[in-house]
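Novice: Need a 3D model of the following:
(4 chains)
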Protein chains: 2
Amino acid sequence: MSSVRPPLDRDTVLTAAIALADEVGLGGLSMRRLGQALGVTPMALYKHVANREELIDVMVERIVAGFDVPIQDDDWRRELRARILAARAATARHAWVRTAIETRRMAGDAVLSHMDALMGAMFRGGLSADLVHHAMHALSTRMWGFTRDVMPTPSLPADVSKRAAALAAYAEAYPAIVRMASTGSHAGADCDEEAEFVFALDILLEGFERLHHAGWRSESNA
Amino acid sequence: MSSVRPPLDRDTVLTAAIALADEVGLGGLSMRRLGQALGVTPMALYKHVANREELIDVMVERIVAGFDVPIQDDDWRRELRARILAARAATARHAWVRTAIETRRMAGDAVLSHMDALMGAMFRGGLSADLVHHAMHALSTRMWGFTRDVMPTPSLPADVSKRAAALAAYAEAYPAIVRMASTGSHAGADCDEEAEFVFALDILLEGFERLHHAGWRSESNA
DNA sequence: CAGCTTAGGTATACGCTGTATATATGTCAA
DNA sequence: TTGACATATATACAGCGTATACCTAAGCTG
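Specialist: Residues are numbered from 1 along each chain as shown, chains lettered A, B, ... in the order given. All right, here's what the predicted structure looks like:
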């Protein structure tokens, strides 16, 4: 029975790990569970992967490598935008990638390539090394296509009779929050994440461009 | 000997937990280790705290509650800036807070108060609910005074003779990265985190103000 | 063909985690 | 004095990553 299964290889492990993480999240991805999914002892995985941390490293690399569609644009700002939105599209399909990227301690090839592509576009646009450097920091995780959500706020009680009282107490303690939540289409649950992401991204890109044209230099380089 | 120790209370546990997390990080903060630090069985902690997750909740609350210095300013932008920099000062003293905040699933009182204060300043400045909403998302974790660092890039080999070759290979694969790293004062290690943070924050704040004056509205509210 | 090497998989075990459950102990009220 | 209650303990379970030792089958070499 076990003789039927073809031998494992690094790629099979990697693919199964990604599929499992898609299902149960990064926390649920344990070596034991992954072994089980592959019909194999947990320790078998260590023949193909150094340890769990390295496994996650290569999972990230695999996803980030998918960013690299050939985007060329004379307008550096458009290219940056397109690359970041491509990154967003790729990471959006794997919720665990957010946490995975945030916990990596060293950049791999694909990660470096993505960063290099972003910086390359800015250099071609004529931005100074100083500005490019600051821009990369300003983008932060946004360069991978995601941002940490604002922390979820408690929702009102389901019981309609208690709803009004809760809202009143709430409004007294946190007037601005309630004002925002009760104005227009800004209820917490139905945020248009995509729009929020692009909103912030465009502010940053426009800021970079504006500083570029103004001949900005950092204080340490003044 | 154990009769000498005064009885534990929630506050003592909380204080010890924060001190321990300062030392060993959030990952190193285990119930067993915290119990040991307090001279107590791990299970004793559960009389004062529901579980580890709730403990971290209140740790975050304690830190965030420290933000609330009375900052009033007629200029909404200055007030926002001051509040966020106050948050940064408070979180900077506790490295674990970054991870802790990012993993919280529900906002507590102090967290809500901080958010309310930020939004209140913007409302007093005349910004629309629509814009306030988008601005909060754009700030993201930056409203807590931190950002995820750009992923560390590999450093060159210490051996001087191999250094040049490594740099050359590196430059071919990632020209823009090397160009930036070798221009001016942008070596990876000696980034001025404070300056980077303020740089991005000011771009965002200026963007908000600009959109406000232009009478911006989101597409969904057009 | 015999024998050895080695890659791939297994079995077992260690030390760690959070925490459920049941028990003991010490303090105060009746 | 007797109970009740709050607090701390002891034990135990299921899970984790992974070090170590072993086995087994394939492939190359003499």
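Novice: neighbouring contacts of the longest helix that chain A contains?
Specialist: Taking DSSP state H as the criterion, chain A has its longest helix at helix A:193-213. Residues outside helix A:193-213 that contact it (C-beta atoms under 8 Å, 6 or more residues apart in numbering or on different chains): A:77, A:80-81, A:84-85, A:88, A:122, A:125-128, A:131, A:135, A:138-139, A:142, A:145-147, A:149, B:134, B:137-138, B:140, B:200, B:203-204, B:206-208, B:211, B:218-220. Where you see a C-beta, it was placed from the backbone N, CA and C, and this is true even at glycine.
Novice: of those residues, list those near DNA strand D.
Specialist: Near DNA strand D, taking C-beta under 7 Å from any atom of the strand as the test, no member of the contacts of helix A:193-213 is found.
Novice: Please list the members of those residues that lie in helices.
Specialist: Using DSSP H, A:77, A:80-81, A:84-85, A:88, A:122, A:131, A:135, A:138-139, B:134, B:137-138, B:200, B:203-204, B:206-208, B:211 are the members of these that sit in helices.
Novice: And chain B, is the lowest-mean-pLDDT helix or strand in chain A touching that?
Specialist: Ranked by mean pLDDT, DSSP states H and E, the helix or strand of chain A with the weakest confidence is helix A:160-173, at a mean of 91. Yes. Helix A:160-173 reaches chain B (C-beta under 8 Å from any C-beta of the partner chain) through residue A:173.
Novice: if I look at residue A:5, how far off is DNA strand C?
Specialist: Using C-beta to the nearest atom of the strand, to the nearest Å, one gets 7 Å for the distance from residue A:5 to DNA strand C.
Novice: Mind checking what secondary structure that residue has?
Specialist: Assigned with DSSP: H, G, I helix; E, B strand; the rest coil, residue A:5 falls in the coil class.
Novice: who's in contact with it?
Specialist: The contact partners of residue A:5, taken as C-beta under 8 Å, 6+ apart, are A:39, A:40.
Novice: quick one, what contacts the residue nearest the centre of chain A?
Specialist: The residue lying closest to the centre of chain A (C-alpha atoms, centre = their mean) is residue A:146, at 3.5 Å. Residues near residue A:146 by C-beta under 8 Å, 6+ apart: A:88, A:91, A:92, A:97, A:98, A:197.
Novice: Run through the residues of chain A sitting next to DNA strand D.
Specialist: Of all the residues in chain A, those lying near DNA strand D are A:3, A:29, A:30, A:31, A:32, A:33, A:42, A:43, A:46, A:51, A:52, A:53, going by C-beta under 7 Å from any atom of the strand.
Novice: which among these gets closest to residue A:72?
Specialist: Of all these, residue A:53 has the smallest distance to residue A:72: 35.4 Å, by C-beta to C-beta.
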